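[1] Could you work out the structure for the sequence below:
(chains A and B)
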Amino acid sequence: MRKNVLKFLSLLTILALMSTTLAIVMVGCGDKNNDNKNDPTNTNAIVDDLPRGEDGKFDATLLENVQLNLWSVIGLPDQEILLDLVKEFNKQYAGMIEIKVTSVGHYDYYNALDSTYANDYSNFPDVCLMHNEKNIEYALKGYFYPLDELIDKTGIGIDFANAYDNIEKTTIHDGKHYGIPIDAHGYLTQIRQDIIKKNGLGFDGNTRFVPQNYEEYQTLLEGLRALADSGELWVRNINLDQDHSWYQLKNGNPNLDAAAQATVDNFYPVFFHSQESDNLTALYVNGGSLLDANGKVAFQNNEGLKQYITDHVNRFNSKLYGDAGNKEAAFPTGQVVMFSEGPWQVANTYDIWWNNKQLSTAGKLGVTEEDAADPIYANPYTVARPYYMADDSAPAETASKWYGNGHVITVTKKVTSMQKVAAALIFAEWLTQGQDENGNYNLTEWCKAGHLPAWQNVYESDSYQAAAAKSITLTAMGDPADIIALESTRYATTLIAGLTTAVGDIQSQLLSVDGCTVELALEKLLATANSTQEALNLLNLGIK
Amino acid sequence: MAKTIVLEEYAKQRSKRIGLFKKYGITAVFLLPYLAAFITFFVIPLFYGIYISLTNFQYGKPGIETFNSFMWFKMIFDKSYMPGIYNSFWLAFVHTIMFAVIMVPIAILLPLGLAILVNQKPPGFKLFRALIYMPSIVPLTASGTIFTLLFMSKSQHGVLAEFFGIETMWFIDTWFSFNLFGQTVEIAYAWIPIFFMCLWGGWGGNFIILSAGLQNVPKHLYEAADIDGCSTWRKILNVTIPGIKPQLVLCLFTTILGYLGLYGQNYVLSGGGPSIAAIASMPAGGKTSTLMYFIQDLVANNLQFKSSLYGLGAAASLVFALFAGIISGIQMYLTREKKTGTKISEAYNKWHEIR
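    Alright, predicted model coming up:
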C-alpha cells in the first residue's frame, strides 16, 4: 500500500515538473507579434492598395471585383428585405464590389464569431452586421477596426453628425467609432383593444385602450383577471375564417373548437416576455445606468428600478401572467390580451391576419353590424410602446423614452486590404445614407421591416415619413430620438445578464410557494448586482 | 582496418534482430494507431490544459499568455482571493458529491434487481428486457423534453400538475436547506426531475451488463445451493452476486464516473437554476449546478467567460480530474481481486511446480 502511494506521489511530481517546464517553454515561445488582433485601435495591418484617379484621390469606380463576406444576424422575416437590398447593391456595383451574405441566427451568431475567430480565421467574415449593444464588447476583443481614420483615408461620405447621438453612442469607445449604426428598435406591446373596449376596461371613459403608465397597466390586468375569474369576460376569436362572434368565458362559443376558444383556465391578461427590454427600460427611463462613472455596477442603486420592482411585488398575482410558449396562437383566440414582441414580426404578418377584412364585414362569421361599424372592433389589433415605467423621481429628459437596441455594420480585422475596407464603407454608406433616383433613402426600405432609422436625415425625409404613416409599427415606435440605447461597454453581455437574472430571480420567487416580499426582492437585486460586479472583476483579471 | 564479421556472428545478430522484432515490433505495429490517438487526444490536451491553467490564456489569441502565479488555483482554494468563485466551485462540488452518493447505489441496485428478476425468465421476459433497455436509446434532449413536460407548472400544462394536481413549482421552489461549513446549501426541487431522468435514462446500460453477467453464473452452483437448502435470497447473496462481481465492478466504475460528470440532464431540465442571488453571475451560480456545469460555463456557455477565463476552466478541470481519479482509485482498491479461495491454492501449486 505504502509503495503504491509513493509510486503515485512520484508520478504526480514528474507530471508537475513536466507541465511547469512545458509552461515555461510555451510562454517563452509565445507569439508576441499579434498586435493587429490585440490592440483594438491598431490599423497598421491594412495595406494601402486603393486605386486612385489622376487627382491622386481614391476612385471607387476603379475597384475591380472586390468580394466581401458579410455575416448578418438578421433572421426571418426581415432577412428577405436585407437580401433584396444587398442584391440591389451588388447590381449597382457589378464588376466593382460583390457582397456575399451569410445569415447566422442570433442564437448562434456570437458563438460562431468567437469559434471562427479562434479556430477558423480564414473563414472569419470581412464585415459584420450585428447588434449594436455587442459592438464595443467585440471591438475590444480585437475583432473590428476603428473606422474614423479609415473613413478619412477613403474619403467616403459618412458623416456621423447625421446619426442620432442616443443610438450612435453604442458604437463609440474612447472617441472612436467601431461601427456604423443602421437602425434601432424596442419591443412592442401587442394589444387586443377590442376585448378591452367590449369589457369597459378602457381609459378616458373607455375611449383609449393603450395603458400609458404603471397604474393604468396594472389596473387593466387586474380588471381583466377579475372578469375572467367570474366568467363574465367577453372575448372573441379574430383569426381568419374562424367564428368572430363575442362570447363570455362562462358560456363558451359552440362554433369554435376547444383549442380556438378562451376559458377561465387558459385565459391570461398578459404573457411573460423578454424581461431584458422591460428591465432596461425601467432602468434607463428613470435616469439609471448599468455602470457608474467609475465603471462599477450601478443598476441596483436606481430608485426608479427599485420602485418598478416594488410595484411589481406588491401587486403580483400569478394568474395575471401566462407563459408565452404559444403566444402567437393564443392572442387571436382571446386567450391573452397583451404580449410583447419584436417589431419586425408585426410589420410582416400580424397586421394581415389580425386586422383582417372579415372583421369589418357584417353578417358573416358572427360579425354584427355594430362590430363591423366600430373602428376598434373592426381593427381589434394594435401595437404600442411598452407602458412607461418612469417613477416620480425620473428625470424629465428620459421619463417618456424607452430602451431599444439596433444593428451596426463593422469592418473586421481579417481585412488587410484598403480596397476591401473601402468597399465595406461604400456598402455601409449606401445602406444608411444612399438614395435612389427619386431621392428615397435605401434605409427607408430596410426600416419598413420594422426598424427606426439611426440617421436623422433619413427619419426626417419625405420617403421615410410616408412609409411611417402607412405602418402601424413605425407609427407606434415613433421618434428614434426617444430610444435610449445601451451604454458603450465591453461587458454588455455580463451586465445585461446580471440585471435580467436579478429580476428573473425575483419573478421566480414570486411564483414560488413561499412568495416574495419587497425586502427580499431588493435583497436579491443587491446580491445579484454584487455578484455581477465580482464577475466584472473576474473578467478584468482574466484580460490582464 | 576493416571489421571482419564471421558468418556465425552475423547469423546470431540477424536472428536476434528478428527475435526482437517478433517480440516487440508486432506489438508496436498494433499499438501505434492507438498510441497516436492517445497522444493526440489525451496526452497533448492534458499537458496543454495544465499549461493553460497556469497562464492568463485567452481563447482565440494563443501565444500572448504569460504565467500567472497559480492565480486560477488560488481562486479555487483560497476563499479570500475571489469569494464568488470559491463559493460557486465548492457549492457545485457539494452538489456533485451529494447527487453521486444518492444516485450511484440506486443506479446499480435497481438494474441489478431487474436483471435478477428477468433472469428468472418469467413469461414475456424478452419484452420486459426490451422495455427496460429502451429508455437508454432515447437521446438526452428528447428525454429532457419528456421530463420537462412531466414537471412543468400548471399554467404550462405540466402532466403531473394537470393529472395529479401537484402544485410544486419543480424548477423554481427550494425543497430544503442546511448549513455546511457555515454556508447555506439550498436543495432545489429541480433535483427530483433530474434524479428521475438520470435513473430512467441510465438503468438500461447497467441492466444489460448485469444481465449478461448473470447468464454466465454456473448453473451447478445454484444446484449445489439448492441441495444445501439455500433460500432464494441466500442464493442471490452467495452465488449470484459473487458470480457477477466483474460486471458489478465495471458498472460501479462507469456509474461513479458518469455521475461525477453530471451535466447534460441539468442543462436540459433546469439550466443549472434556479439561480442563487449571491453567486448568480458566477459560473455555475445555480441550485442545480455541478462541477461539470462550472467548467462548461467557463469554456462554453458564457461567451464572455470563455474569452478570458479559459485558464480557470482548465484549472477546475484538473482539480475535477484529480478528484475523480482519487475516487476511482479508492474504488478500484476496495474492489480489487483478493488472493482468497482457490487463488491461494493455485498460487501454491504454481510455486510448488517451480520448486
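[2] so what's residue A:236 closest to, chain neighbours aside?
    Distances taken as C-beta to C-beta, 6 or more residues apart in numbering or on different chains put residue A:246 closest to residue A:236, at 4.8 Å, once the chain neighbours are dropped. Every residue, glycine included, has its C-beta placed from N, CA and C.
[3] tell me the contacts of that neighbour?
    Contacts for residue A:246 (C-beta atoms under 8 Å, 6 or more residues apart in numbering or on different chains) come out as A:198, A:234, A:235, A:236, A:366, A:371.
[4] Which parts of the stretch 1-150 of chain B are helices?
    B:7-20, B:26-38, B:44-53, B:71-77, B:83-119, B:125-133, B:140-151 (DSSP state H, counting those that start in this stretch).
[5] what about those helices, which gets the closest to residue A:455?
    Closest approach to residue A:455 among the helices of the stretch 1-150 of chain B is made by helix B:83-119 (42.5 Å; C-beta to C-beta).
[6] Which elements pack onto that closest one?
    In terms of contacts (3 or more C-beta pairs under 8 Å, 6 or more residues apart in numbering or on different chains; DSSP states H and E), helix B:83-119 is packed against helix A:518-543, helix B:71-77, helix B:125-133, strand B:183-188, helix B:191-215, helix B:245-260, helix B:291-296, helix B:310-334.
[7] Just name the most buried of those.
    Greatest average neighbour count among the helices and strands packed on helix B:83-119 goes to helix B:291-296 (a mean of 25), per mean count of other C-beta atoms under 10 Å in any protein chain shown.
[8] at contact distance from chain A, anything in that helix?
    No: for helix B:291-296, no contact with chain A is found by C-beta under 8 Å from any C-beta of the partner chain; the gap never falls below 13.0 Å.
[9] Work out the gap between that helix and the centre of the chain.
    Computed by C-alpha atoms, centre = their mean, to the nearest Å, the chain-centroid distance of helix B:291-296 equals 14 Å.
[10] Next one: the helix or strand following it, is it in contact with chain A?
    Heading C-terminal from helix B:291-296, the first helix or strand you meet, by DSSP states H and E, is helix B:303-308. Yes: applying C-beta under 8 Å from any C-beta, one finds helix B:303-308 touching chain A at B:303, B:304, B:305, B:306, B:307, B:308.
[11] which other helices and strands contact the helix or strand harbouring residue B:175?
    Element membership of residue B:175 [criterion: DSSP H and E] is strand B:174-180. Strand B:174-180 is packed against strand B:183-188, with contacts defined by 3+ C-beta pairs under 8 Å, 6+ apart.
[12] If you count neighbours, what's buried in whatever helix or strand residue B:345 lives in?
    Assigned by DSSP H and E, residue B:345 belongs to helix B:342-354. Within helix B:342-354, not a single residue qualifies as buried, counting by 16 or more other C-beta atoms under 10 Å in any protein chain shown.
[13] contact partners of stretch A:206-214?
    Stretch A:206-214 has contacts (C-beta under 8 Å, 6+ apart) with A:189, A:191, A:193, A:196-197, A:200, A:202-203, A:217, A:219-220, A:308, A:311, A:376, A:382, A:384, A:387-390.
[14] Please pick the buried ones from those.
    The neighbour-count criterion (16+ other C-beta under 10 Å) marks A:189, A:191, A:193, A:196-197, A:202-203, A:217, A:220, A:308, A:311, A:376, A:382, A:384, A:387-390 among the contacts of stretch A:206-214 as buried.
[15] So if we follow the domain assignment, how does chain A break up?
    A:60-185+A:404-478, A:188-403 (automatic domain parsing).
[16] Name the residues that touch stretch B:79-87?
    Contacts for stretch B:79-87 (C-beta under 8 Å, 6+ apart): A:531, A:534-535, A:537-538, A:541, B:74-78, B:183, B:278-279, B:281-283, B:312.
[17] list the contacts for the closest residue to residue A:541 other than its chain neighbours?
    Excluding its sequence neighbours, the residue lying closest to residue A:541 (C-beta to C-beta, 6+ apart) is residue B:71, at 7.0 Å. Contacts for residue B:71 (C-beta under 8 Å, 6+ apart) come out as A:541, B:56, B:311.
[18] so the last one sits right up against residue B:53, yeah?
    Yep, that's residue B:311 we're talking about. Yes: between residue B:311 and residue B:53 there is a contact at 5.6 Å, judged by C-beta atoms under 8 Å.
[19] intersection of neighbour lists for the two?
    residue B:72.
[20] how close does residue B:50 get to residue B:270?
    Going from residue B:50 to residue B:270 by C-beta to C-beta, to the nearest Å gives 32 Å.
[21] the more surrounded of these two?
    residue B:270 (24 against 20; other C-beta atoms under 10 Å in any protein chain shown).
[22] how about the more buried one, phi and psi?
    phi -120, psi -10 (degrees, to the nearest 10).
[23] Does it touch residue B:197 like I think?
    No: judged on C-beta under 8 Å, residue B:270 makes no contact with residue B:197 at a distance of 10.4 Å.
[24] Distance check, the spatially most central residue of chain B against chain A.
    By C-alpha atoms, centre = their mean, chain B has its centre lying nearest to residue B:257, at 1.7 Å. As judged by C-beta to the nearest C-beta, to the nearest Å, residue B:257 and chain A stand 18 Å apart.
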